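1. Got a predicted model here, sequence first, then my questions.
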Amino acid sequence: MQHHWVRQVPNVLLNTLHSRRTTENINLLLEEMIIRRASDLYLTVDSQPAFRVDDVIHYHPCAALVDADITQYLEQVLTTEQLDEFHSTFELNVALNFNASARFRVNAFRQQAHAGIV
């Protein structure tokens, strides 16, 4: 069921985002999250980035992520101190202000020897 207030994402906008090698920079995934009006973004090893929109999971059209991708995303959004805490406790919850247009709760975790981010 789709609510009348949920807008459809223009395909041309998503195509532009996808053509910019979206998976190299977490900021582009966060932009897409805003455009899609997603409530969650799941970044885990062996899976494509996934957006939760109205309780439906939508996968990004890219290759499955590897450990190096997750590490890169963590390095892009966490401070050195936060990275140190994550590496010692294997979990971290922080807030991320994004381009003055959004604020995200970030949960970084380690599960089955791989890092992940929600």
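-> Nice, thanks for sending it over. Numbers count the residues shown, from 1 in each chain.
2. Going along the chain, name the helices of the protein.
-> For the chain, the helices defined by DSSP state H occupy 11-19, 26-36, 67-77, 80-89.
3. most tightly surrounded among these?
-> Ranked by mean neighbour count, the helices of the chain are led by helix 26-36 with a mean of 19 (mean count of other C-beta atoms under 10 Å). For every residue, glycine as well, the C-beta is placed using N, CA and C.
4. how far does stretch 98-110 sit from the chain's center?
-> Computed by C-alpha atoms, centre = their mean, to the nearest Å, the chain-centroid distance of stretch 98-110 equals 8 Å.
5. So for Ser101, which of the helices of the chain sits nearest?
-> helix 26-36 (6.6 Å; C-beta to C-beta).
6. tilt between the closest one and helix 67-77?
-> Here helix 26-36 runs at an angle of 80 degrees relative to helix 67-77 (axes from the mean of the first three to the mean of the last three C-alpha atoms, to 10 degrees).
7. who does helix 26-36 touch, helix- and strand-wise?
-> Counting contacts by 3 or more C-beta pairs under 8 Å, 6 or more residues apart in numbering; DSSP states H and E, helix 26-36 is packed against helix 11-19, strand 40-44, strand 50-53, helix 67-77, strand 91-98, strand 102-111.
8. now the helices of the chain in JSON lines, with distance to Val53 and mean pLDDT?
-> Shown next, in JSON lines, are these (distance: least, C-beta to C-beta, whole Å; pLDDT from 0 to 100):
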{"stretch": "helix 11-19", "distance to Val53": "12", "mean pLDDT": "47"}
{"stretch": "helix 26-36", "distance to Val53": "5", "mean pLDDT": "92"}
{"stretch": "helix 67-77", "distance to Val53": "20", "mean pLDDT": "94"}
{"stretch": "helix 80-89", "distance to Val53": "28", "mean pLDDT": "96"}
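9. Next, format those helices as a markdown table and append distance to Leu43.
-> As requested, those are exported to a markdown table (distance: least, C-beta to C-beta, whole Å):
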| stretch | distance to Leu43 |
| --- | --- |
| helix 11-19 | 16 |
| helix 26-36 | 8 |
| helix 67-77 | 6 |
| helix 80-89 | 14 |
